[in-house]
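Novice: pasting the sequence and the predicted coordinates here, then a few questions.
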Amino acid sequence: MPNLLINGVNYHYEETGSGEETIIFSHGLLWSGHMFHKQVAYFKDRYRVITYDHRGQGKTEASADGYDMDTLYEDAAVLIEKFVGKPVIFAGLSMGGFVGMRLAARRPELIKKLILLETTADTEPAENVPKYKMLNSIVKYVGFWPVISKVMQIMFGRKFLNDPTRAEEKKYWINQLKQNNRKGITKAVDGVIYRKGIADELHNIKCPTLIMVGDQDVATKPEKARKIHSLVPNSKLVVFEGGGHTSSVEEPEIYNTEIENFLKS
C-alpha cells in the first residue's frame, strides 16, 4: 500500500499513468480518492494521475489534530513538492476544493491549472451547522449506519438517487461510506464545519481555473460556484443539469468532457 510521510502523517496515495503533466484529484468529505476512479480511468493514458486520501479518511492514518483546512493545504503543498516536484493540475471536489483554492492563492508556483468541483469559498452556512453537528455526534457515539440515508441525500442529487437502473451503484457507494468512515472521521467533519472562508484571497488566483457544479447540489449550491467565478479572474464556470454533490460519480461523462476541454484550451 503506497504511503508518503507528510508532516508526520502517513498519507495514502495512488498513482496511475506516466504523462508529462500531473493531475492531482483531491476528494470530498467522507470519501477517498476512489471517488475519482472514473476520471482516473479516463485520463491515465495521457496524464500522470494521483489521488490521495485526507487525514483520517480512506486509507490515510488518523492524526491527533491537523484537520483544519489550512493544515490540509500545507499537507497538499508538501505532496506536490515532495512527490511531483513541478506545477500540477489540481482538481478538488468540495473539501478538496477548499484545499485547492488555498494552494492556488498562496502557492501559485505549485499550480498550473485549477479545477474546482462542487465547492465553496465561504464558511459553512449557519443554518447547516446544527444539523451537521447532530449527524457528526451520532456517528461519534453510535456509528455511521443511522445517518446513511441523510448523508446520501446530501451527497447525491435526485437524478442519481431516484434512478432504478443505478440501484446497485447506489448500494456500492453506501458501502464505500461505511468502509471509509472510521476513527478520525468526526475530526475531519469538524474541520469542514468550522472551516474559515477563503473568498477574500481568491483575487490572488491567477492560473486558469475551471469551476463546475451540478444544478442538484444541495451541499454547495450553484450560487456558491457563481461567487467563486466572480472572484477568480481567469475562470470558467460550468453549471450542468442533474448533478449533485458527488458528480464525479453521478455524471462522469460531463466531468471528463469538460475537464478535457479545459485542459486542451
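Specialist: Noted; the coordinates are in hand.

Novice: ranges for the helices of the stretch 1-150 of the chain?
Specialist: 37-43, 69-79, 95-106, 129-141, 148-155 (DSSP state H, counting those that start in this stretch).

Novice: against which helices or strands is the second one packed?
Specialist: By that I understand helix 69-79. In this structure, helix 69-79 packs against strand 3-6, strand 9-16, strand 22-26, helix 95-106, helix 185-193, with contacts taken as 3 or more CB pairs under 8 Å, 6 or more residues apart in numbering; DSSP states H and E. To be clear about C-beta, it is placed using only N, CA and C from the backbone, and glycine gets the same treatment.

Novice: what angle do that helix and helix 95-106 make?
Specialist: Computed with axes from the mean of the first three to the mean of the last three CA atoms, to 10 degrees, the direction of helix 69-79 lies at 70 degrees from that of helix 95-106.

Novice: go on, the last one?
Specialist: Helix 148-155 and helix 95-106 meet at an angle of 40 degrees, taking the same axes, to 10 degrees as the criterion.

Novice: from the chain's centre, how far out does helix 148-155 sit?
Specialist: 17 Å (CA atoms, centre = their mean, to the nearest Å).

Novice: burial measure for residue 131, as a count.
Specialist: 12 (other CB atoms under 10 Å).

Novice: what does the one 4 residues further on give?
Specialist: A count of nearby residues for residue 135, using other CB under 10 Å, gives 18.

Novice: just name the most buried of the helices of the stretch 1-150 of the chain.
Specialist: Counting by mean count of other CB atoms under 10 Å, helix 95-106 has the highest mean neighbour count of the helices of the stretch 1-150 of the chain, with a mean of 26.

Novice: what helices and strands are in contact with it?
Specialist: strand 22-26, helix 69-79, strand 88-93, strand 111-117.

Novice: where are the low-confidence patches of the stretch 51-200 of the chain?
Specialist: In the predicted model, the stretch 51-200 of the chain carries pLDDT under 70 at residues 181-182.

Novice: with residue 232 as the reference, name the closest of the helices and strands packed on helix 95-106.
Specialist: Closest approach to residue 232 among those is made by strand 111-117 (8.2 Å; CB to CB).

Novice: now the angle from the closest one to helix 95-106?
Specialist: Going by the same axes, to 10 degrees, strand 111-117 makes 150 degrees with helix 95-106.

Novice: so what are the sheet partners of strand 111-117 and their directions?
Specialist: Strand 111-117 has its sheet partners listed here by DSSP bridges as strand 88-93 (parallel), strand 209-214 (parallel).

Novice: in it, which residues are buried?
Specialist: For strand 111-117, the neighbour count (16 or more other CB atoms under 10 Å) marks 111-117 as buried.

Novice: closest one to residue 81 among the helices and strands packed on helix 69-79?
Specialist: The nearest among these, by CB to CB, is strand 3-6 at 10.0 Å.

Novice: now that closest one: how far from the chain's centre is it?
Specialist: 19 Å.

Novice: counting by contacts, list what it packs against.
Specialist: strand 9-16, helix 69-79.

Novice: adding distance to residue 98, write the ones you listed out as a markdown table.
Specialist: Shown next, in a markdown table, are the helices and strands packed on strand 3-6 (distance: least, CB to CB, whole Å):
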| stretch | distance to residue 98 |
| --- | --- |
| strand 9-16 | 17 |
| helix 69-79 | 5 |
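
Novice: quick one: closest of those to residue 255.
Specialist: Closest among those, using CB to CB: strand 9-16, at 16.7 Å.
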